[in-house]
Every structure is written in C-alpha cells, then in structure tokens.
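Asks: Structure of the sequence below:
(chains A and B)
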Amino acid sequence: MSKAIQAVRGMNDLLPETVERWQLVEATARDVLHAYGYREIRLPLLEKSELFARSIGSQTDIVEKEMYSFEDRNGDNLTLRPEGTAGCVRAGIENGFLHNQIQRLWYAGPMFRHERPQKGRYRQFHQIGVEAFGIDTPDLDAELILMCVRLWKSLGLEGLTLELNSLGTPESRATYRAKLTRFLKARRDQLDEDSLRRLEKNPMRILDSKNPAMQPVIAEAPNLHDHLDEDSRTHFDRLGEYLKESGVAYRINPRLVRGLDYYTRTVFEWTTDRLGAQSAVCAGGRFDGLVEQLGGRPAPAAGFAIGMERLVELLARQSPSPSSGAPEAYLVLLGESAGKHGLRLAECLRNAGLRIECHCGGGGLKAQLKRADRSRARFALMLGDEELQDNTVTVKDMRGKDVQVSVHQDVLIDFLNERTGRRVKT
RNA sequence: GUGAGCGUAGCUCAGUUGGUUAGAGUCCCGGAUUGUGAUUCCGGUUGUCGUGGGUUCGAGUCCCAUCGCUCACCCCA
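Replies: The predicted structure follows:
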C-alpha cells in the first residue's frame, strides 16, 4: 500500500449521515427565506484579493493573516472568499441591481479562513448569508431578526440568546474609539498582553476580553452607548420597540463588537452556551457605507450569516438524526432469470416515484436480506423462481413485525404506496 | 501565531515497575439441513503500536525531534 493522502487541515468531509441533517437545515432555511421574499443568488468562491481588503478592512485578522490568497496564471491576486457579504455587494454593483433599488438576497456555501481549527471553527466552513439593500429604517433590522426567530422555531432549536448593540456611525465610532484609547492608555499597566496588542489595532475588542483580571478596567471604561449620535440612538431604540412588539427577547450588550470594519449601527449575534468556545451561531448587522465604499452609489444595507457547522452541531445534540432518503424498498433477486426481470421491475417502481435499491452482485438470500436491512429500507421485495412463475413478489416488512405477504406484480405499486403512506389510494 | 492533552486493528479502546509470537469489543465475511435480515451461538480476516532518532541485553511502554488530531487562547459564523 502506498501512503494515503490526507485531507487538508481544517477541511472536513461531510459523510452521508451528516449530510442528511445539513439538507434538512438547508431546506428549512430556504423555505423561511422565501417566506420573506428573499431570493437566492450564487456567487464565485474566488474574488480579487483587493475586494476583501477594501470591505472587511486591511487591518483585520481575517485579511492580515487568515486569507487563502494566491496569484493565478495571469498574475492576478485572488482569494478564496473568507465571507460572503463583500462578493454579494460587488455583484450587486457590477450587475446594477443595487442602483436605487430594494433587494432582498440570500446565498449559501463554503467560506475559507486559515485559522487554527477547533470545535466549531474550521478552515473550510459554510454559511447561509442574507443581505438586504436599499432600506435604512430599523424595520428591516427587525425583519432580519424575525427571520432568524422563525428559522430557529422551524428547526426546533432551543437555547439561543439574542445579543444586540449599536456601533453608531463611522464618525461617532471614531470619536468613541479615540476616547476609549485615551482611557486605556492611561491604564496601560493594568492591561494584559492581548489587550496591549489590541490597543493600537482594535481597542474596542478589549471590552470583549475573557480575562477576569481585565474586568475591573473594562467596567470603568467609557460606554459606547453614551457616545452614539442622535440618529443611531433613535434607530436603535426603534428596533428595540419593534422587537418588543413582536415578542422577541434580547439582551443589549454594549461590548458586542463585530470584527469586520464595514459594520455600522445595528449589530447582533445569536449565541449558545452549548458549543464550547465558538458560541456564535449567527451574526450580522448594518453596513450602510459598504456599497459606496466598494464603488457603488450609496445604498444602505443590512444582513447576517449563519454558521452551518455550528447550527448543525447544535441541532445534532438536541434531536436524533433524521433518516430521510432511505429507500422505500430493497429488491432481493434470487437466480439468473430473476436478475434480468428485476432490473425492469425496479425501473417500473421508480417510474411510480418509489425509491428502490436493487441488489447487485448476486449472493444468497441471507446475505441479500442483510443488505436490505442495512439499506434502511422499509420493505424487502423478494423475486425468485417461485415468484416468477405466478408473477408475484414476496414483500417482507423489515421494520414492523415479521409480516410477509405475496403480492401480484400488477398491484405492487398500489400496495407499496399504501403501506408507505406516500399517497392515499383512491 | 501561543498553550495543553492525545496518537495501539476500518471504528471504540485495554496493554501491569520496560520482558516471549500485541489483546478485547465492534465492524466485515462464512456457518448453525437447501429461500428469510435485525437478536443468539460457532468460526475467520484485519496492525511498519503516527514517523524518525536515542537510552537499554530488550521499547507499544522511558527520552528527544517531527508530523497529525483534539480542546482552549486569539479570532469569528
């Protein structure tokens, strides 16, 4: 045996058992999003590297050290997308559908970040992203959150907490940031190593520190909310009213800081305490300046992204795995002539919409029934010399009590439809 | 990028103070009167003990390096 090749670190295979749960989440999400008038958009995995530097921010960790960037054969600097918003905005500007218009869009797919893998964090991970353009009022912010609530409910998800904050406008944020930096610099000696590093690059992150020793300093630090501009404050208050009106519980977290530079005003995060350190399952906010920043006519926008791996993991630990996709019946074929007849019979059943797994490779009845069992099929259909003589099939219920009946091939479809409850027989 | 823990059969793991040909369960294959699965019983296949070096008469076990995995920090969905 030659040496086996391993998958790239942090890039996982999703095996069939897992995929079934993913498909359930994807289908549910699609239905919910469509219920709000959001339309799917499909975007490239590769973009010019500059797009991310200009949107996410050149000083952010994502752009500075986590992107999969390379030069292609033309010498263009390209990057595997680390998130979806930038590409979506780029596509909107390029295709002209943001120009003075309202758009509600969603997409799903893999994102790539070169981080150290740990629970809930992988180098290839998947997001469902939602973006709405052209609306600057907080009713949109509320709609996005209500959409999340509906999705959690549809999936039967429990234990998620909504955290809310407002970052204000770029101007009010800059003022606050300067004030915070002055405050922290005066207390340099009380800051830990991480915070000293963040002091220059992203001082607001210090407020989010997990280090207990930092808490006294953080408690005294100036509050972002006291520095919000008038419009941002009204916007935030109105969002709160909408949510109360809709019965959505939330917690205001003035320390909630998003890591991407383009966020303005509303930011939110759905978190759980059941997934270890990577607790954010869904997060988003407003990015009113991004369209203009990327070269489009100014247009307000807001959106969020769901971390699929985290959501699926959360779902997995609270409900047993769904068993969709199992065939309705497994066709057991005994002998040469049954083999020939069997392929035709299987096609016939599939024409009627049934999922049929047909035995291949010969073998005795015992071995074939064993496979029938493992296929998760409800029924085993046995076809041998005896059945061929009188045009019947022996139908064995693999899941119920040991019931076995002989059914004429002419009425087999009706029989199976009725027994599997696929359709009510007329 | 930093730290900690762990690498023994396809999978889950055991393996005494270093001491013969390295074990269990599971999975897979076959059998228990010819065409009846899942349950039970019997039999069988499966290992460069992650990799490379060192210590030793002798290393799965001790030491060093390296690779990989996991979790946490950081970061974020």
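Asks: From here on, just use CA atoms for contacts and neighbour counts.
Replies: Will do.
Asks: What residues does the stretch 201-350 of chain A have near RNA strand B?
Replies: For the stretch 201-350 of chain A, the residues in contact with RNA strand B (CA under 7 Å from any atom of the strand) are A:205, A:209-211, A:258-260, A:269, A:275-284, A:305-310.
Asks: Now which of the residues you listed would you call buried?
Replies: Neighbour counting with 16 or more other CA atoms under 10 Å marks A:205, A:209, A:258, A:260, A:269, A:275, A:279-284, A:305-310 as buried within these.
Asks: rewinding a little: restricted to helices, list the residues of the stretch 201-350 of chain A next to RNA strand B.
Replies: Applying DSSP state H to those, the entries found in helices are A:308, A:309, A:310.
Asks: so the second one touches residue A:125, yeah?
Replies: This points to residue A:309. Yes - the pair residue A:309 / residue A:125 is scored as a contact, 6.9 Å apart, by CA atoms under 8 Å.
Asks: tell me the contacts of residue A:103?
Replies: Contact analysis of residue A:103 by CA atoms under 8 Å, 6 or more residues apart in numbering lists A:97, A:132, A:133, A:134.
Asks: measure the closest residue in space to residue A:88 that isn't next to it in sequence to residue A:157 for me?
Replies: Of all residues beyond its chain neighbours, the one nearest residue A:88 is residue A:43 (7.0 Å), with distances taken as CA to CA, 6 or more residues apart in numbering. Per CA to CA, to the nearest Å, residue A:43 is found 29 Å from residue A:157.
Asks: helix/strand/coil for the closest residue to residue A:150 other than its chain neighbours?
Replies: Spatial nearest neighbour of residue A:150, excluding adjacent residues (CA to CA, 6+ apart): residue A:32 at 7.1 Å. Of the three states, residue A:32 takes helix under DSSP: H, G, I helix; E, B strand; the rest coil.
Asks: before we move on, the earlier item: among the buried ones among the residues of the stretch 201-350 of chain A next to RNA strand B, which lie within strands?
Replies: Among those, the residues falling in strands (DSSP state E) are A:269, A:280, A:281, A:282, A:283, A:284, A:305, A:306, A:307.
Asks: host element of the nearest residue to residue A:40 once chain neighbours are set aside?
Replies: In space, and not counting its chain neighbours, residue A:40 is closest to residue A:106: 4.8 Å by CA to CA, 6+ apart. According to DSSP states H and E, residue A:106 maps onto strand A:103-112.
Asks: That strand vs RNA strand B: in contact?
Replies: No - with CA under 7 Å from any atom of the strand as the criterion, RNA strand B is not reached by strand A:103-112; the gap is at least 8.1 Å.
Asks: Pull up the pairing partners for that strand, direction included.
Replies: If you go by DSSP bridges, strand A:103-112 pairs up with strand A:39-40 (parallel), strand A:124-133 (antiparallel).
Asks: Export those to TSV and append columns for distance to RNA strand B, mean neighbour count and mean pLDDT.
Replies: Shown next, in TSV, are those (distance: least, CA to the nearest atom of the strand, whole Å; neighbours: other CA atoms under 10 Å; pLDDT from 0 to 100):
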stretch	distance to RNA strand B	mean neighbour count	mean pLDDT
strand A:39-40	18	16	98
strand A:124-133	5	22	97
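Asks: Would you mind giving the ones you listed as TSV with distance to residue A:387 added?
Replies: Output for those, formatted as TSV (distance: least, CA to CA, whole Å):
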stretch	distance to residue A:387
strand A:39-40	50
strand A:124-133	50
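Asks: So residue A:93 lies in a helix, does it not?
Replies: Yes - Residue A:93: assigned to a helix according to three-state DSSP.
Asks: And the residue lying closest to it once chain neighbours are set aside, how close does it get to RNA strand B?
Replies: Nearest residue to residue A:93 in three dimensions, chain neighbours excluded: residue A:296, at 5.5 Å (CA to CA, 6+ apart). Taking CA to the nearest atom of the strand, to the nearest Å as the measure, residue A:296 falls 22 Å from RNA strand B.
Asks: Residue A:68 now?
Replies: Remark: distance between residue A:68 and RNA strand B (CA to the nearest atom of the strand) = 13 Å.
Asks: For that residue, give me its contacts.
Replies: Taking CA under 8 Å, 6+ apart, one finds A:79, A:80, A:81, A:112, A:113, A:114 in contact with residue A:68.
Asks: so what's the first one bridging to?
Replies: The reference is to residue A:79. When assigned by DSSP bridges, residue A:79 has beta-bridge partners residue A:47, residue A:69.
Asks: For the stretch 1-150 of chain A, what lies in contact range of RNA strand B?
Replies: A:8-10, A:60-62, A:113, A:115-123, A:125-127.
Asks: run the last query once more with 6 Å
Replies: Within the stretch 1-150 of chain A, the positions lying close to RNA strand B (CA under 6 Å from any atom of the strand) are A:9-10, A:60-62, A:116-122, A:125.
Asks: for stretch A:306-325, which positions count as buried?
Replies: A:306, A:307, A:308, A:309, A:310, A:311, A:312, A:313, A:314, A:315.
Asks: Might you report the residue contacts of the residue of the stretch 151-300 of chain A found nearest RNA strand B?
Replies: Closest to RNA strand B within the stretch 151-300 of chain A is residue A:259: 2.8 Å, counting by CA to the nearest atom of the strand. Residue A:259 makes contacts with residue A:60, as judged by CA under 8 Å, 6+ apart.
Asks: With adjacent residues omitted, what lies nearest to residue A:227?
Replies: Nearest non-adjacent residue to residue A:227, counting by CA to CA, 6+ apart: residue A:176, 6.1 Å away.
Asks: Now do whichever strand or helix holds the one you found: distance to the chain's middle.
Replies: In this structure, residue A:176 sits in helix A:170-186 according to DSSP H and E. Chain-centre distance of helix A:170-186: 35 Å, with CA atoms, centre = their mean, to the nearest Å.
Asks: and the very next helix or strand once past it, what other elements does it pack with?
Replies: Sequence-wise, the next helix or strand downstream of helix A:170-186 (DSSP H and E) is helix A:193-201. In terms of contacts (3 or more CA pairs under 8 Å, 6 or more residues apart in numbering; DSSP states H and E), helix A:193-201 is packed against helix A:170-186.
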